[in-house]
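> Need coordinates for the below:
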Amino acid sequence: MQAKHWNKLVRPGITAIVGAGGKTTVLAKLVEYGGLAGQPTLVTTTTKLYESQVAAWNPYYGHDFNEAEAACQKAMQRGRCASWFGGVEGTKVTALTAKEIDEIHMVHPNWQILVEADGAKEKWLKAPKESEPVIPSKTNTTIGVINLQMLGTTMDDEHVYNLPDVSSIMGRPEGAVVTSTMLARLVLHPRGLFQYSKGERILFCTGYDTVQHRIIDAFLDSLTDSGLSMIVLADGYKASCEIARVLRWQ
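Coordinates of the predicted model:
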């Protein structure tokens, strides 16, 4: 059943992953199930990722397009995931430009290109700053990630990245307890979760097993007529993440 659920998200083209509370988990699962399905997959970022997170994906570092393409093709010919990053700074790998990602997609439209497009410092929730996320213009799908464990949790620096903007969008002061209505407002707001998104919009919710379902149902009711094509409800967070329900609304 997990393969059936995840395969709904595995697809050729550029998929940008934004938000907080499980982005890298979703990316890693799409690599895993893309590999099982025989889907050629390239991982990259327009922000930063820990080098340790990408080490298993045969990274190429640099901005030489021809060398990068050759390295990626070589990895895929061996049945592996490929990855391409600008370089390494400290413990993190650095971004490609949106233009570079668009160009590799135009040459290889059959590749699944997974782009971690947003940083959240491993917190559960965020609102993007004006300069983020950086989403390539040819992006087919934007997956917005939120952690449902925020429902009933205090809106504070421990759990929320870019707290002042989250507070402003939700219309409640810092320290307020997050409700279904407040969380839905962050998803739907023009400066919220899907700011600058392109293509099909999919909401991916982690922590489904940690919150009373009547509260989650109230959250889902607030998203009616949202323009989202799919809502994914997943148990767990990080390594334990498994999809429990997939809702198609369009």
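> how about the strands in the protein?
Secondary structure of the chain (DSSP state E): strands at 13-19, 41-45, 49-50, 59-61, 82-85, 88-89, 92-93, 112-116, 125-126, 139-147, 160-161, 200-206, 230-235, 242-248.
> do you know which of those lies nearest Ala71?
Between Ala71 and these, the shortest separation by C-beta to C-beta is 3.9 Å, and it involves strand 59-61. (Glycine included, C-beta is placed from N, CA and C.)
> ok, that closest one: who's next to it in the sheet?
According to DSSP bridges, strand 59-61 forms sheet pairs with strand 82-85 (parallel).
> what's the pLDDT at the residue lying closest to Ala28 once chain neighbours are set aside?
Closest residue to Ala28 apart from its sequence neighbours, by C-beta to C-beta, 6 or more residues apart in numbering: Gln53 at 8.0 Å. As predicted, Gln53 sits at a pLDDT of 89.
> In JSON lines, list the strands of the chain along with mean pLDDT and mean neighbour count.
Below are those laid out as JSON lines (pLDDT from 0 to 100; neighbours: other C-beta atoms under 10 Å):
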{"stretch": "strand 13-19", "mean pLDDT": "97", "mean neighbour count": "26"}
{"stretch": "strand 41-45", "mean pLDDT": "98", "mean neighbour count": "28"}
{"stretch": "strand 49-50", "mean pLDDT": "89", "mean neighbour count": "18"}
{"stretch": "strand 59-61", "mean pLDDT": "97", "mean neighbour count": "19"}
{"stretch": "strand 82-85", "mean pLDDT": "98", "mean neighbour count": "26"}
{"stretch": "strand 88-89", "mean pLDDT": "94", "mean neighbour count": "12"}
{"stretch": "strand 92-93", "mean pLDDT": "94", "mean neighbour count": "22"}
{"stretch": "strand 112-116", "mean pLDDT": "98", "mean neighbour count": "26"}
{"stretch": "strand 125-126", "mean pLDDT": "94", "mean neighbour count": "28"}
{"stretch": "strand 139-147", "mean pLDDT": "97", "mean neighbour count": "24"}
{"stretch": "strand 160-161", "mean pLDDT": "94", "mean neighbour count": "24"}
{"stretch": "strand 200-206", "mean pLDDT": "97", "mean neighbour count": "24"}
{"stretch": "strand 230-235", "mean pLDDT": "96", "mean neighbour count": "20"}
{"stretch": "strand 242-248", "mean pLDDT": "92", "mean neighbour count": "15"}
